[in-house]
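S.K.: give me the fold of what follows.
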Amino acid sequence: MTPAGALPRPAAQRRVPLWLVLGFIGTVAGTLVGLTLDPPLVAMVVPLVGVGAWAVLKIHLKYTASFLLFSSLLFEGLQTTLEHKWASPLMPLARLMLINLNAITGIGPLRLPMIDMLVVVLALAAVVKRRDPTFVSQTPGVRPLNAALLVSALTVIGLDVLGGVQGGNMNESLWQMRHSLLFPLRALILIRAFDGTDRELKNLVRLIIVAGVLKAMVGIFYVYTWIKPYGREIEFTTSHTDTLLFVPLLAIFFNMLVERVRGRMLVEGLIWVPIVTYGMILNDRRLAYVCLGVAVIITMLMSPPTAFKRLLMRGAVISAPFVPPYLLIGWGSDSGIFFGAKLLKSLVVGDPDQGAQPDYRDLENANVLFTWFTHGKVIPWGFGHEMKQFFPLPDISSAMPTWLYHPHNQYLWLLTIGGPVGFTLIMLPQLVTIYLFARTYRVATDFWVRVWCLTGIAIVAAFFNQVFGDMGTLSWTPSWMAALCAALASKLAVRTGAWPKPPPKPARL
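M.R.: Just a heads-up that it's a prediction; the model follows:
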């Protein structure tokens with residue numbers, strides 16, 4: 001209380017933070033400078049960047065990281081026109097996120113797309129605000145996985161320097177190493193974003209389902225409005241890397257059935273599973289069926305004998321005598337009923353469109369091995385080099401000018417660039433991820449944890465298949481899905497007790 005006769009104390013005035021004053025001054029100055037440039041629309045970038053920076057620092061990392069994950073899954077492949085010059089309705093948004101900003105703004109140094117630039121910004125914010133529980137997760141993770149991510153990033157940087165010393169093209173090395181270098185940062189922000197709770201696990205499933213359904217519907221719309229009515233042919237609908245979108249979704253649903261069959265689950269699955277399945281079929285990637293088969297095998301080997309699994313095993317035993325006749329009859333048939341036989345034949349024999357000619361991928365793999373034998377036997381060759389041709393291949397530089405720098409089999413190409421040691425160190429986080437998921441599955445009792453453990457191993461296996469078969473280290477979707485698996489493996493291992501919690505840090509005096 002104020003003593004009698006004393007004047008009331010004036011209310012304390014709130015001071016404006018210095019960072020806010022500097023930010024306001026910088027925004028105004030940048031906008032004025034931008035108005036003098038050509039075009040003056042560049043001035044709009046400054047306040048937008050300011051608002052974006054404020055949002056990045058104020059919104060919890062789980063929401064911004066989920067947005068980047070969703071954007072990579074939905075937009076990849078749609079940032080350019082597809083075959084027969086068809087532009088997706090999502091193309092403007094896809095270009096905004098995935099096309100290099102210098103192509104949009106005209107500012108030369110901005111040689112990264114917005115999604116990758118935001119990854120760098122979020123990673124820095126996660127480090128700066130690592131002790132803020134309103135911004136990042138405070139749930140501990142597995143420290144050896146963090147070390148593996150650091151080793152992977154340092155290995156990529158070292159191989160890039162080594163390649164430059166040995167005459168590599170530094171401009172092309174940027175494209176060869178970009179996703180391998182950004183993968184640890186993507187994993188870092190996802191580790192700092194999520195706690196691994198059941199609610200988060202279910203929300204992640206919903207997020208991936210929405211992305212998969214939308215992507216499948218884009219492909220279906222493309223085929224039935226632009227391809228079939230005009231009798232055209234296409235190699236794929238949306239993207240080669242959608243294997244890492246469609247297959248994980250189907251694997252999630254299969255693993256849910258194996259772990260526990262529920263009526264509501266079946267009803268919900270009837271809504272989205274057919275759409276995703278048909279989207280995968282129209283996308284027409286043989287690798288997708290291989291990845292799906294591997295996912296089923298992983299689950300059947302690791303899961304206990306549940307009711308659904310016993311039902312599948314009985315069905316497999318009953319149908320086994322009919323498989324050899326089906327393959328023998330369907331091997332040379334063009335009937336749609338023998339789709340499975342034709343698919344297996346294409347995997348064993350090769351691309352049927354090449355006739356009696358050697359398969360293109362086999363010749364390319366032989367050239368990659370020849371390059372490894374001649375240039376990387378002792379000292380790794382490093383990034384920035386192109387494949388040497390022992391067997392001449394058709395020149396496709398008119399469609400892809402730098403095709404010699406990017407063989408399809410990135411598994412063999414990384415062995416050529418980094419040797420066995422460099423390759424192992426780059427892929428070390430994926431190996432740790434598989435180990436943590438397998439270790440967690442043995443002790444987990446929670447339904448969603450067990451489903452994600454099985455699915456996570458299947459996703460990493462699909463990642464390696466994509467790397468081996470179709471430029472998996474040059475795309476957003478495989479990298480983001482593998483990063484998500486690394487983050488969940490880290491948090492779920494500690495949550496279930498499969499990995500001991502790190503000791504608490506001593507309190508500061």
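S.K.: what segments of the stretch 151-300 of the chain are helices?
M.R.: 170-193, 198-222, 243-259, 263-283, 286-302 (DSSP state H, counting those that start in this stretch).
S.K.: what's the most buried one of the ones you listed?
M.R.: By mean neighbour count, with neighbours taken as mean count of other CB atoms under 10 Å, helix 243-259 ranks first of these at a mean of 25. Backbone N, C-alpha and C define where each C-beta goes, glycine included.
S.K.: let me have stretch 195-205 in CSV, keeping just the CA atoms, if that works.
M.R.: C-alpha atoms of stretch 195-205 as CSV (Å, rounded to 0.1, in the frame of the first residue of the first chain):
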residue,chain,number,x,y,z
ASP,A,195,9.4,-36.3,-28.6
GLY,A,196,8.2,-39.6,-30.0
THR,A,197,4.9,-39.6,-28.2
ASP,A,198,2.0,-41.6,-29.5
ARG,A,199,0.2,-38.4,-30.5
GLU,A,200,3.1,-37.4,-32.6
LEU,A,201,3.5,-40.8,-34.2
LYS,A,202,-0.2,-40.8,-35.2
ASN,A,203,0.0,-37.3,-36.5
LEU,A,204,3.0,-38.2,-38.6
VAL,A,205,1.1,-41.1,-40.1
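S.K.: picking that back up, CSV for the helices of the stretch 151-300 of the chain, including mean pLDDT and distance to Ala53?
M.R.: As requested, the helices of the stretch 151-300 of the chain are exported to CSV (pLDDT from 0 to 100; distance: least, CB to CB, whole Å):
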stretch, mean pLDDT, distance to Ala53
helix 170-193, 93, 16
helix 198-222, 96, 24
helix 243-259, 96, 30
helix 263-283, 93, 36
helix 286-302, 94, 39
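S.K.: what's the closest of the ones you listed to Leu311?
M.R.: helix 243-259 (9.7 Å; CB to CB).
S.K.: now do the closest one against helix 198-222, angle only.
M.R.: Orientation check (axes from the mean of the first three to the mean of the last three CA atoms, to 10 degrees): helix 243-259 against helix 198-222 gives 130 degrees.
S.K.: sorry, back to before: mind putting the helices of the stretch 151-300 of the chain in TSV, distance to Leu69 included?
M.R.: TSV is the format used below for those (distance: least, CB to CB, whole Å):
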stretch	distance to Leu69
helix 170-193	7
helix 198-222	7
helix 243-259	11
helix 263-283	17
helix 286-302	19
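S.K.: Ser479: which of those is closest?
M.R.: helix 170-193 (4.7 Å).
S.K.: what is the closest one packed up against?
M.R.: On a contact count with 3 or more CB pairs under 8 Å, 6 or more residues apart in numbering; DSSP states H and E, helix 170-193 meets helix 61-75, helix 114-128, helix 143-165, helix 410-426, helix 428-443, helix 476-496.
S.K.: a markdown table for these, including mean neighbour count and mean pLDDT?
M.R.: A markdown table is the format used below for the helices and strands packed on helix 170-193 (neighbours: other CB atoms under 10 Å; pLDDT from 0 to 100):
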| stretch | mean neighbour count | mean pLDDT |
| --- | --- | --- |
| helix 61-75 | 21 | 95 |
| helix 114-128 | 18 | 90 |
| helix 143-165 | 18 | 95 |
| helix 410-426 | 21 | 93 |
| helix 428-443 | 21 | 97 |
| helix 476-496 | 27 | 96 |
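S.K.: got a markdown table for those, with distance to Glu83 too?
M.R.: Output for the helices and strands packed on helix 170-193, formatted as a markdown table (distance: least, CB to CB, whole Å):
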| stretch | distance to Glu83 |
| --- | --- |
| helix 61-75 | 18 |
| helix 114-128 | 24 |
| helix 143-165 | 33 |
| helix 410-426 | 23 |
| helix 428-443 | 32 |
| helix 476-496 | 19 |
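S.K.: between the ones you listed, which gets nearest to Arg310?
M.R.: helix 428-443 (19.2 Å).
S.K.: which helices and strands sit right next to the closest one?
M.R.: helix 143-165, helix 170-193, helix 447-469, helix 476-496.
S.K.: hmm, who's touching it?
M.R.: Counting by CB atoms under 8 Å, 6 or more residues apart in numbering, helix 428-443 makes contact with 142, 144-145, 148-149, 151-152, 183-184, 187, 302, 424, 449-450, 452-454, 456-457, 460, 463-464, 482, 485-486, 489-490, 492-493, 496-499, all of which sit outside it.
S.K.: keeping just the C-alphas, turn it into CSV.
M.R.: Below are the C-alpha coordinates for helix 428-443, written out as CSV (Å, rounded to 0.1, in the frame of the first residue of the first chain):
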residue,chain,number,x,y,z
LEU,A,428,26.6,-44.8,-41.0
PRO,A,429,23.4,-43.0,-39.7
GLN,A,430,21.2,-45.3,-41.7
LEU,A,431,22.9,-48.4,-40.2
VAL,A,432,22.6,-47.0,-36.7
THR,A,433,18.9,-46.3,-37.4
ILE,A,434,18.2,-49.9,-38.4
TYR,A,435,20.0,-51.1,-35.3
LEU,A,436,18.0,-48.8,-33.0
PHE,A,437,14.6,-49.7,-34.5
ALA,A,438,15.4,-53.5,-34.2
ARG,A,439,16.5,-53.0,-30.6
THR,A,440,13.5,-51.0,-29.7
TYR,A,441,11.0,-53.4,-31.3
ARG,A,442,12.3,-56.2,-29.0
VAL,A,443,11.2,-54.4,-25.9
